[in-house]
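1. Sequence and predicted structure below; questions after.
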Amino acid sequence: MPFTRQIHWQSDVHNRDIRALAEASDRNHRFAHSPILLHRRRSSYVRALLVFATTLFMAIVQCGCAGVTSAKGTSTTSATSSTGSTTSSALSASPSALNFGNVPLGSTSNQSLTITNSGPDPVTISQASASSTGLGIEGVALPLNLSPGASATFTATFAPSTTGDVSGSVSFVSQQLRQPFGVGWHGTGKPVAPFINVQPVSQSILSGQTATFSVTANGTSPLSYQWNKNGTPVGGATSASYTTPVETTADNGASFTAVITNSEGSMTSSVATLSVTAAPVPPSITTQPSNQTTFAGQTATFSVVANGTAPLSYQWKKNGVTISGAVSSSYTTPVETTSDNGAQFTVVISNSGGNVISNAATLTLLRRPSPPSPPVRPSSPVRPQLFR
């Protein structure tokens, strides 16, 4: 509007000048065909046009400069009300940008980010989000109401999943802001050399068995494995665990290690030792217990002979019931009565290789014979008496 009024005013002034010149020309009409007067008349018109053009140009320049000057100001995140008027709601961040630096893969780096309401009006933050994978924003419950000058501290987390530089922004959304308020961030996922969490453990087995060694490692993928036996790589043993073939006592004391490698380097595990002992020989009976015959009131002894890997343990049973304390290769019964006639006795022999049960041995009890009666003496012959 000011620019239009100025242009109209300038036009009115120059129109009046042109009309004045025209009236002067009419008064001198009789000299219209004079060459000198014609030249002067044209010069007057040219001067008037030059003045008008110069004035118009200056007016435009002045209005344009006024418009440029009014566009300058402080850069701020402002808001527009529902009526179209502009308010000065604004947010600011400390730090102004997040730089996590180098963060090893598999780990997490945290930084504090303080958001302040730097405007004169209240601001409600309804949403906070991160633009890139691996970045998170947390620590403050939303929606968050910030009065002028108030602030809240968020926690920004960076957990890279790949190597290399990653960048993006953290955005805060508010209805009072014309657009989301963003904070830039940058971080670098750094490869991690292998490191062992769980070392391989020594194993003890019997001859004829296998042994399994395992290791747990972390680091930037892919990880490769190589198992060594006594310092020599084992063909095909390229996983996190290794199972030996069937072992013999010749491998007793063998040492096993694992070498874990990735693009950043390698790491060798501690030594795990293999102990191999001869497999125990299960017990076998070479002499079975034999049947026993005795008289009531006497004892009976049963015995067995067995071979196998020591130690051998024994347990005698009578009619299938364990006899307390009868734990040697022989067993002597208490004094027997005729009620034990026909009793069955067995023995169980055990060792680390197994157990074996003997054959049953039978106890036979005899009645003790009665003592013989004394011999009967013949009676003396009766002598006839002589009567006198």
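-> Here it is on my side, so go on. Residues are numbered from 1 along each chain as shown.
2. Show me this structure divided up by domain.
-> What automatic domain parsing lists as the domains of the chain is 2-67, 88-190, 195-277, 284-366.
3. Kindly check the end-to-end length of the third one for me.
-> From its first residue to its last, domain 195-277 covers 33 Å (Cα to Cα, to the nearest Å).
4. what distance separates stretch 311-321 from the centre of its chain?
-> Counting by Cα atoms, centre = their mean, to the nearest Å, stretch 311-321 is centred 55 Å from the centre of its parent chain.
5. so when I look at residue 250, I'm seeing a helix, right?
-> Yes - per DSSP: H, G, I helix; E, B strand; the rest coil, residue 250 lies within a helix segment.
6. roughly how far apart are it and residue 308?
-> 23 Å (Cβ to Cβ, to the nearest Å). Glycine gets a C-beta too; all of them are placed from N, C-alpha and C.
7. Comparing these two, which shows the higher neighbour count?
-> Counted by other Cβ atoms under 10 Å, residue 250 and residue 308 do not tie: residue 308 has more neighbours, with 20 against 9.
8. Now do the more buried one against residue 352, distance only.
-> Distance from residue 308 to residue 352, by Cβ to Cβ: 9 Å.
9. so what sits against both of these two?
-> residue 280 (Cβ atoms under 8 Å, 6 or more residues apart in numbering).
10. coming back round to it: can you add distance to residue 374 and mean pLDDT and give the domains of the chain back as TSV?
-> TSV is the format used below for the domains of the chain (distance: least, Cβ to Cβ, whole Å; pLDDT from 0 to 100):
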stretch	distance to residue 374	mean pLDDT
domain 2-67	162	47
domain 88-190	108	94
domain 195-277	72	97
domain 284-366	23	96
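11. Residue 251 touches residue 277, doesn't it?
-> No - applying Cβ atoms under 8 Å as the test, residue 251 and residue 277 come out as separate, 11.1 Å apart.
12. So between those two, which is more surrounded?
-> residue 251 (18 against 12).
13. for residue 223, what are its contacts?
-> Neighbours of residue 223 in contact, by Cβ under 8 Å, 6+ apart: 194, 217, 260, 261, 262.
14. what's near enough to touch the last one?
-> Translated: residue 262. 191, 193, 194, 219, 220, 221, 222, 223, 224.
15. Next up, the contacts around the last one.
-> Think residue 224. 238, 260, 261, 262.
16. Buried only: go through the contacts of residue 223 for me.
-> The neighbour count (16 or more other Cβ atoms under 10 Å) marks 194, 217, 260, 261, 262 as buried among the contacts of residue 223.
17. Specify the beta-bridge partners of the last one.
-> The one in question is residue 262. residue 265 (DSSP bridges).
18. likewise residue 123?
-> residue 146.
19. Just the helices from the protein, written as ranges.
-> For the chain, applying DSSP state H gives helices covering 2-27, 35-71.
20. what residue lies at the spatial centre of the protein?
-> Centroid check for the chain by Cα atoms, centre = their mean gives residue 106 as the closest residue, at 8.2 Å.
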